[in-house]
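# Return atomic coordinates for the entry below.
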Amino acid sequence: MQNLRNALFVPHGSPTFALEPGAAGESMSQLASSLASPRAIVVISPHWDTAVPTVSTATQLETIHDFYGFPDALYQIQYPAKGSPEGAQEVVKALQKRFKQVDTAPTRGLDHGAWTPLRHMFPDASIPVIAVSIQSHAGPAHALAMGEALEELTHQGFLVIGSGNITHNLGDLRIAAMSGGQTPAYVKVFADWVEDQLRTKNVQQLLDYRQHSREGVQSCPSEDHLLPLFVAMGAAGADATAHAFFRGISSYVIAMDGYTFS
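Down below sits the predicted model:
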């Protein structure tokens with residue numbers, strides 16, 4: 001992989017992905033091994049959702065087990081990442097150039113949307129991590145703008161990682177699990193549509209996906225898990241080309257697609 005931008009979109013799937021990485025986890029591990037070691041990682045997860053952009057300035061990042069009803073082994077996992085208060089202030093300043101209000105969180109750790117992919121990609125937790133929240137109420141254009149604000153940092157040694165899933169309808173997951181385990185057709189249709197729009201750089205179509213793809217509405221009853229894709233797109237730069245490094249479906253309805261940008 002050559003000439004990759006320092007921006008990625010990676011899947012984090014169900015919490016059990018932390019224990020069962022499968023082919024998606026292996027592809028993420030291989031991708032990480034091909035990257036130059038970043039100065040710090042800026043990670044955007046849908047599981048930290050705030051009113052305004054917020055940056056963790058913690059020195060040591062707690063491993064947050066923000067799920068329930070899963071195997072005990074999941075709650076024993078620790079990802080001992082260190083933060084970067086100095087780097088976090090650079091993230092704040094970059095965001096302030098685009099947004100009137102940017103908050104900081106001095107004790108915020110890493111939720112499973114952040115530590116699960118990082119554990120597969122950087123298992124020794126040796127790279128400082130800076131968590132940044134999403135604003136699901138503000139929609140895709142806002143998420144893209146966040147990424148655009150962070151782009152300058154990708155030229156200064158920071159790696160921006162948006163962690164989410166292209167499709168994430170948990171209501172349909174429960175239905176599928178109870179009715180024989182069939183993946184609804186719309187899941188692949190929307191994941192394919194997203195890849196087509198990324199490949200052809202049709203950014204406006206993607207931003208307006210709810211108007212152009214009824215499968216997108218089914219795939220994303222709420223937008224939170226898709227928004228980190230837009231952050232990654234923005235951070236990659238307007239002239240970037242997206243490349244799928246993995247595509248697949250997990251737990252019936254969760255697209256595990258991941259993208260690099262060059």
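# Can you pull out the low-pLDDT segments for the chain?
Residues of the chain that meet the criterion pLDDT under 70 lie in 1-2.
# what's the longest strand in the chain?
Identified as the longest strand of the chain according to DSSP state E is strand 40-49.
# what's the next secondary structure element after it?
Once the chain leaves strand 40-49, the next helix or strand it forms, by DSSP states H and E, is strand 54-56.
# Help me confirm that S262 comes into contact with L4.
Yes - with contacts counted by CB atoms under 8 Å, S262 reaches L4, the gap being 5.4 Å. Quick note: C-beta positions are derived from backbone N, CA and C, even for glycine.
# Which of the two has more residues huddled nearby?
Neighbour tally, S262 and L4, criterion other CB atoms under 10 Å: the higher count belongs to L4, 19 against 13.
# Please list all residues in contact with the more buried one.
Contacts for L4 (CB atoms under 8 Å, 6 or more residues apart in numbering) come out as 35, 260-262.
# cool, and M121?
10, 28-29, 31-32.
# Could you rerun that using 10 Å?
8, 10, 25, 28-33, 35, 41, 127, 159, 161 (CB atoms under 10 Å, 6 or more residues apart in numbering).
# Can you give me the end-to-end span of stretch 14-23?
Terminal residues of stretch 14-23 lie 14 Å apart, using CA to CA, to the nearest Å.
# again with stretch 197-212
11 Å.
# where does the closest residue in space to T183 that isn't next to it in sequence land in three-state SS?
Nearest residue to T183, sequence neighbours excluded (CB to CB, 6 or more residues apart in numbering): Y252, at 5.1 Å. Look at Y252: counting by DSSP: H, G, I helix; E, B strand; the rest coil, its state is coil.
# What is the nearest of the contacts of L4 to V203?
F261 (12.5 Å; CB to CB).
# My read is that that closest one contacts A236, right?
Yes - F261 is within contact range of A236, at 3.5 Å (criterion: CB atoms under 10 Å).
# And for the residue lying closest to R39 once chain neighbours are set aside, the neighbour number?
Spatial nearest neighbour of R39, excluding adjacent residues (CB to CB, 6+ apart): G157 at 3.3 Å. Residues within reach of G157, counting by other CB under 10 Å, total 13.
# Please look at G157 and A36 and confirm they touch.
Yes - between G157 and A36 there is a contact at 8.9 Å, judged by CB under 10 Å.
# any common contacting residues for those two?
Both G157 and A36 are contacted by N6, under the criterion CB under 10 Å, 6+ apart.
# element containing the residue nearest to G234 when sequence neighbours are not counted?
Closest residue to G234 apart from its sequence neighbours, by CB to CB, 6+ apart: G147 at 2.2 Å. Using DSSP H and E, G147 maps to helix 139-154.
# Which positions in that helix come out as buried?
Buried residues in helix 139-154, counted by 16 or more other CB atoms under 10 Å: 140, 142-151, 153-154.
# so how far is the first residue of stretch 34-45 from its last?
Rule used - CA to CA; the end-to-end distance of stretch 34-45 is 23 Å.
# May I have the secondary structure class of the residue nearest in space to the middle of the chain?
Taking CA atoms, centre = their mean, the centroid of the chain lies closest to S163, which sits 1.3 Å from it. The three-state label for S163, taken from three-state DSSP, comes out as strand.
# hey, what's it bridged with?
On the basis of DSSP bridges, S163 is bridged to V10.
# That one touches V42, doesn't it?
No - if you go by CB under 10 Å, S163 and V42 don't touch, sitting 11.0 Å apart.
# Now render the buried residues of helix 139-154 as CSV, adding distance to F99.
Output for the buried residues of helix 139-154, formatted as CSV (distance: CB to CB, whole Å):
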residue, distance to F99
P140, 16
H142, 9
A143, 12
L144, 13
A145, 8
M146, 8
G147, 12
E148, 11
A149, 7
L150, 11
E151, 14
L153, 15
T154, 18
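# Since that was my last question, I'll sign off now.
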